[in-house]
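>>> I would like the atomic coordinates for the input below:
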Amino acid sequence: MIIDRDWSVEQAVAVAELLEDLLHVIHSRYQGELYAYWKATRITHFEVKDCGDDEGMQP
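The predicted model follows:
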């Protein structure tokens, strides 16, 4: 993705605000479906081995 280097700060802010608003609308409309999709597609298929590091853990 290429962003033109001669954008003004105001142009960059306007685009960032537009993207933030769009993300908010998408999340509010599809939140449940998004989380279900991410959960189904981002689960690791590898066993995680315990490293035995209990530092910072409460007994």
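>>> Now do the helices in the chain.
For the chain, applying DSSP state H gives helices covering 9-41.
>>> any low-confidence regions in it?
43-59 (pLDDT under 70).
>>> how far away is Met8 from Ala36?
Actually, residue 8 is Ser. It isn't Met. 40 Å (CB to CB, to the nearest Å). The C-beta positions use only the backbone N, C-alpha and C, and glycine is treated the same way.
>>> okay, those two: which has more neighbours?
Taking other CB atoms under 10 Å, Ser8 and Ala36 do not tie; Ala36 has more neighbours (11 against 8).
>>> burial count for Tyr37?
Residues near Tyr37, counting by other CB under 10 Å: 11.
>>> what does the one 4 residues further on give?
Each residue near Thr41 was counted by other CB under 10 Å, and the total is 7.
>>> In contact with it, which residues?
Taking CB atoms under 8 Å, 6 or more residues apart in numbering as the definition of contact, Thr41 has no neighbours.
>>> So which residues make contact with stretch 2-18?
Counting contacts by CB under 8 Å, 6+ apart, no residue outside stretch 2-18 touches it.
>>> just how off-centre is it within its chain?
21 Å (CA atoms, centre = their mean, to the nearest Å).
>>> again with stretch 1-9
23 Å.
>>> Just the C-alpha atoms of that stretch, please, in CSV.
What follows is stretch 1-9, C-alpha atoms only, in CSV (Å, rounded to 0.1, in the frame of the first residue of the first chain):
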residue,chain,number,x,y,z
MET,A,1,0.0,0.0,0.0
ILE,A,2,1.4,3.4,-0.9
ILE,A,3,0.5,6.6,0.8
ASP,A,4,1.6,9.7,-1.0
ARG,A,5,4.4,11.5,0.9
ASP,A,6,2.9,15.0,0.2
TRP,A,7,-0.2,14.5,2.3
SER,A,8,-0.8,17.3,4.8
VAL,A,9,-1.2,16.4,8.4
